[in-house]
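Asker: here's a sequence, model it:
(one chain, ligands or ions: 1)
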Amino acid sequence: MTIYSHSRISTFEQCPLKFKYQYIDEAEVEVEGTAEAFLGSRVHEALEKLYKDLKFQKINSLQQLLDFYNSEWEKNWNDNILIVREEYDKNNFKKMGEKFITDYYNRYAPFDQAKTIGLEMRIEIKLDEKGEYVLQGFIDRLASPKDGIYEIHDYKTANTLPTQDDADTDRQLALYAIAVKEMFSDCKKVILIWHYLAFDKEVRSERSEEQLGELKKEVINAIKQIESTKDFQPNESALCNWCDFRSLCPKFSHLVELEDKKPEEFLADDGVKLVNEYAVLKAEEDRLAKKIDELKEKIFRFAEAKKLDRLYGSDAAVTVWKKDCLKFPVKEDQCYQEFVKLLKLQGLWDDFSILDKYKLQKAFEGGQIDFEKMKELARFASKEMVKRLYLRFTRAN
Ligand code: SF4
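Answerer: Numbering: from 1, shown residues only. Below you'll find the model as predicted:
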């Protein structure tokens with residue numbers, strides 16, 4: 001039985017190929033994570049130390065905590081850590097962490113809001129009665145402000161603040177709440193608390209028993225989808241810039257290879273030569289397509305003025321075809337539903353409706369159809385290799 005985690009499932013949802021590299025192939029890459037992830041780890045360590053020492057009645061001063069953070073930063077930093085935003089350097093990230101820790105310290109000192117029960121606490125979340133689906137997680141800090149009340153604290157170093165709605169639908173801490181409820185028999189309430197350190201702000205939420213029950217079903221379905229996947233396709237998004245596997249990914253490995261080349265080596269690369277030639281021809285094709293459209297318009301106008309249906313040239317003739325065609329409502333039209341109802345009533349729907357195969361294929365591949373239904377539909381699906389080229393200019397001409 002594979003033990004899943006929330007980040008395993010999120011990685012699959014973000015990009016199935018990244019999931020494969022990370023969890024199936026356990027691929028090794030030169031990049032050792034991003035500066036953002038490094039910053040997150042160092043800040044987590046400092047806050048863990050703060051509460052760990054408190055258990056031993058030791059209150060670190062802010063300066064002691066910052067000294068610890070800075071020394072861990074210097075010990076662990078190396079040049080393989082990726083800085084995506086080139087306008088910032090290592091020191092910018094380091095200073096961000098100092099500010100996060102300072103704001104947190106000043107807001108919560110002397111840290112007596114609740115009793116700390118666990119730090120970086122490993123938990124197991126049982127999703128079904130039989131124990132077939134189990135998730136593991138780590139709670140940054142589990143605390144109890146009074147008997148029967150538990151707080152799950154999570155430190156966030158991200159630069160975006162979620163809305164209350166985002167917090168109320170967040171999956172990770174809600175899953176942790178399932179485990180906490182099972183672990184402590186006196187548990188009456190679990191409060192989910194995110195500390196958005198860049199904003200010096202707390203975001204809180206709670207979940208009902210029904211919501212947690214629904215969540216278990218959702219997560220089991222997500223796991224079933226991962227386990228039935230055989231073809232792990234890349235899913236390109238803005239997050240690719242922070243992906244550790246760019247040097248392996250078919251969408252980016254050529255770019256990574258080119259990054260270290262000198263200008264003359266870059267232009268001599270076979271891939272670069274092919275793309276440059278294709279881009280020139282495509283631009284020519286687009287120019288010709290525009291010219292053909294203009295010419296067609298001229299022919300229509302000429303034929304209409306002369307009342308002709310066919311025009312003759314030296315070696316070719318052009319026939320002009322025109323007809324007033326009937327147009328029926330489309331999905332976006334207000335009367336579409338009424339129109340469909342009428343077709344069904346007249347027994348004509350089966351003859352004249354078409355199955356939207358493209359939409360079905362997208363929903364199927366994107367896992368937007370219920371897992372059991374997908375299994376039944378899979379009997380009718382076959383594979384066919386479709387090849388296309390998409391040209392995109394990567395810098396302004
Ligand atoms: S670079 Fe993007 S598409 Fe490629 S594996 Fe990473 S997340 Fe997926």
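
Asker: tell me which residues are up against the helix or strand of the chain with the lowest mean pLDDT.
Answerer: Every helix and strand of the chain was ranked by mean pLDDT, DSSP states H and E. The lowest is helix 371-377, at a mean of 84. Residues outside helix 371-377 that contact it (Cβ atoms under 8 Å, 6 or more residues apart in numbering): 221, 224-225, 228, 364, 367, 369. To be clear about C-beta, it is placed using only N, CA and C from the backbone, and glycine gets the same treatment.

Asker: now do the phi/psi pair for the nearest residue to K126 once chain neighbours are set aside.
Answerer: Nearest residue to K126, sequence neighbours excluded (Cβ to Cβ, 6 or more residues apart in numbering): V134, at 5.8 Å. Dihedral pair for V134: phi -130, psi 140, per degrees, to the nearest 10.

Asker: so V134 sits against I123, correct?
Answerer: No. At 10.5 Å, V134 does not count as touching I123 under the criterion of Cβ atoms under 8 Å.

Asker: more crowded one of these two?
Answerer: Higher neighbour count among V134 and I123: I123, with 19 against 15, using other Cβ atoms under 10 Å.

Asker: what secondary structure does that one sit in?
Answerer: Per DSSP: H, G, I helix; E, B strand; the rest coil, the local secondary structure of I123 is strand.

Asker: partner residues bridging it?
Answerer: Here I123 sits in beta bridges with G137, going by DSSP bridges.

Asker: for the stretch 101-250 of the chain, what spans make up the helices?
Answerer: 164-169, 172-183, 209-228 (DSSP state H, counting those that start in this stretch).

Asker: and the ones you listed: which comes nearest the ligand?
Answerer: Ranking the helices of the stretch 101-250 of the chain by proximity to the ligand (Cβ to the nearest ligand atom) places helix 209-228 first, at 15.0 Å.

Asker: what's the distance between the helix or strand that the closest one is followed by and the middle of its chain?
Answerer: Next in sequence after helix 209-228, counting helices and strands by DSSP states H and E, comes helix 253-259. How far helix 253-259 lies from its chain's middle: 23 Å, per Cα atoms, centre = their mean, to the nearest Å.

Asker: what sits up against helix 253-259?
Answerer: Under the contact criterion Cβ under 8 Å, 6+ apart, helix 253-259 has outside partners 246-247, 266, 269, 271-272.

Asker: now for the residues you listed, which sits with the most neighbours around it?
Answerer: Going by other Cβ under 10 Å, R246 tops the contacts of helix 253-259 with 19 neighbours.

Asker: ok, now how distant is it from V203?
Answerer: 32 Å (Cβ to Cβ, to the nearest Å).

Asker: A114 too?
Answerer: Relative to V203, A114 is positioned 17 Å away (Cβ to Cβ).

Asker: got it, and R141?
Answerer: With Cβ to Cβ as the criterion, R141 and V203 are 15 Å apart.

Asker: so those two - more neighbours on which side?
Answerer: Ranked by neighbour count (other Cβ under 10 Å), R141 and V203 place R141 first, with 23 against 20.

Asker: neighbours around the residue nearest to the more buried one when sequence neighbours are not counted, how many?
Answerer: Leaving aside its chain neighbours, R141 sits nearest to H153 (4.1 Å; criterion: Cβ to Cβ, 6+ apart). For H153, the neighbour count with other Cβ under 10 Å is 21.

Asker: correct me, but H153 touches L142?
Answerer: Yes. At 7.5 Å, H153 counts as touching L142 under the criterion of Cβ under 8 Å.

Asker: ok so, going back, what bridges to the residue nearest to R141?
Answerer: Counting by DSSP bridges, H153 is bridged to R141, I193.

Asker: ok, it - contacts?
Answerer: 139-143, 193, 195.

Asker: go on, K282?
Answerer: Contacts of K282 by Cβ under 8 Å, 6+ apart are L391.

Asker: please state the offset of whichever strand or helix holds it from the chain centre?
Answerer: Secondary structure from DSSP H and E places K282 in helix 270-306. Taking Cα atoms, centre = their mean, one finds the center of helix 270-306 at 38 Å from the center of the full chain.

Asker: flag every buried residue along the least confident helix or strand of the chain.
Answerer: By 16 or more other Cβ atoms under 10 Å, the buried positions in helix 371-377 come out as M374.
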